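K.L.:
just to be clear, the model below is a prediction. Sequence and coordinates:
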Amino acid sequence: MSFNKKMASVTGDVFVISNGTKDESVSFESLLVELATSTLCPSFEIFGEDKPRNWQPLVVNNTNKDWINGQYFSGRFVGKSHSFNVLIKPNSANIQVLKNAIEESHNGYDYQSLAFEMLSEHIKVKHNGTNILVSKDVWSSIQNGRHHDMNLENCVFLGERFSQQTKTFFKNTLAY
């Protein structure tokens, strides 16, 4: 079934394109259950894809016009091959419901410890208006004008991904 046909069949204000599982049941409720019981993959932070984005279709038509400026969410769960992709109509209360569920997952110990293992040497940068994470080596190449896409004109240093206090906590906690 095409994207437009799937969108046209949605009866509410949430279009769950995929819910992060192989399950045939692609519902908002099943995604919320998955968020409560599984750990999100921190790799989505690298490109700023862990935050909702305004949805703008390439072509506006009668099927998608009510979804314009809705919030698009995406993510992936650790150990699962499928990602979730959800579009929620503008001004829907479900936007906050999903933001809260994702934030709760992000604040969990499993997520934070895995994020520390993956991203402890990354820094936050705003690149062309989007917050992303880059390694310290990439930041150095940006500062020295050696990066192919990013430079000091289109990048702003925002700070470390983890505070010194958090780094100390996880270094002590995760030490084997």
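P.N.:
The structure has been received and is ready for your questions.
K.L.:
list the buried residues in stretch 158-173.
P.N.:
Buried residues in stretch 158-173, counted by 16 or more other Cβ atoms under 10 Å: R161, F162, F170. Quick note: C-beta positions are derived from backbone N, CA and C, even for glycine.
K.L.:
the chain: helices as residue ranges?
P.N.:
3-8, 28-37, 93-107, 109-119, 136-143, 164-173 (DSSP state H).
K.L.:
which outside residues touch the fifth one?
P.N.:
Helix 136-143 has contacts (Cβ atoms under 8 Å, 6 or more residues apart in numbering) with E121, H122, I123, V125, V134, H147, M150, N151, L152, C155, F157.
K.L.:
and the two most separated of those?
P.N.:
When the contacts of helix 136-143 are compared pair by pair using Cβ to Cβ, the farthest-apart members prove to be E121 and N151, with a separation of 21.5 Å.
K.L.:
can I get the least confident helix or strand in the chain by mean pLDDT in CSV, CA atoms only?
P.N.:
Counting by mean pLDDT, DSSP states H and E, the chain has its least confident helix or strand at helix 164-173, which shows a mean of 83. Taking C-alpha atoms only, helix 164-173 is exported to CSV below (Å, rounded to 0.1, in the frame of the first residue of the first chain):
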residue,chain,number,x,y,z
GLN,A,164,31.8,16.3,33.9
GLN,A,165,29.6,15.1,36.8
THR,A,166,27.8,12.6,34.5
LYS,A,167,31.1,11.4,32.9
THR,A,168,32.5,10.7,36.4
PHE,A,169,29.4,8.9,37.4
PHE,A,170,29.4,6.6,34.4
LYS,A,171,33.1,6.0,34.4
ASN,A,172,32.8,4.8,38.0
THR,A,173,29.6,2.9,37.4
